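fold the following for me, if possible:
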Amino acid sequence: MGAARTILGMVSNLMYTVKIRETAAKLGAIVIFVASNEELAEKIREIHPSLLIFDLTAVKPGWQEIVRAAKAERIPVIAYGPHVDKEALEEAAAAGCDFVYPNSRFTLELPDLLEKALSTA
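Below you'll find the predicted structure:
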């Protein structure tokens with residue numbers, strides 16, 4: 001069994017990393033941020049996180065394969081990005097992300113979203 005209530009994320013914006021980390025801590029979860037698909041895949045195998053979060057402005061080519069691998073392991077996946085980048089949001093939904101939000105909605109709903117995603121993990 002993997003690490004309980006661990007969130008794994010590929011997020012490049014410091015504002016979002018702080019907000020995610022603080023919100024997760026209030027829910028009793030820890031957050032690990034990674035910078036590459038390889039590191040993400042390695043951490044999924046090592047710790048089997050409770051949740052994955054993708055900032056669609058930070059993803060690297062091939063990230064959709066990571067989503068599929070996470071879904072095969074029944075790990076919920078959240079993706080968020082700029083509302084003007086409808087293509088990226090649609091691509092995230094098509095890749096199998098459980099929750100796909102524009103930045104503003106992600107920020108607004110983060111506490112409830114994390115709680116819901118962690119409760120299904």
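
mind giving me the packing neighbours of the lowest-mean-pLDDT helix or strand in the chain?
Counting by mean pLDDT, DSSP states H and E, the chain has its least confident helix or strand at helix 103-120, which shows a mean of 89. Secondary-structure packing of helix 103-120 (3 or more CB pairs under 8 Å, 6 or more residues apart in numbering; DSSP states H and E): helix 14-26, strand 51-55, strand 77-81, strand 99-102. Every residue, glycine included, has its C-beta placed from N, CA and C.

just the CA trace of the third one, in CSV.
What follows is the C-alpha trace of strand 77-81 in CSV, where atoms were taken according to Å, rounded to 0.1, in the frame of the first residue of the first chain:
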residue,chain,number,x,y,z
VAL,A,77,-6.4,13.2,-11.3
ILE,A,78,-7.1,16.9,-11.3
ALA,A,79,-6.0,19.3,-14.1
TYR,A,80,-6.3,23.0,-14.3
GLY,A,81,-5.3,25.7,-16.7
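
what residues of it count as buried?
77-81 (16 or more other CB atoms under 10 Å).

in the protein, what spans have low per-residue confidence?
Within the chain, the ranges that satisfy pLDDT under 70 run 1-4, 120-121.

about what we covered before: how far does the least confident helix or strand of the chain sit from its chain's centre?
Distance of helix 103-120 from the chain centroid (CA atoms, centre = their mean, to the nearest Å) equals 10 Å.

centroid residue for this protein?
Geometric centre of the chain, nearest residue: residue 53, 0.7 Å, by CA atoms, centre = their mean.

I'd like to know how many residues surround residue 89.
If you count neighbours by other CB atoms under 10 Å, residue 89 ends up with 20.

now the residue nearest to the centre of the chain. Nearest residue, chain neighbours left out?
residue 9 (3.9 Å; CB to CB, 6 or more residues apart in numbering).
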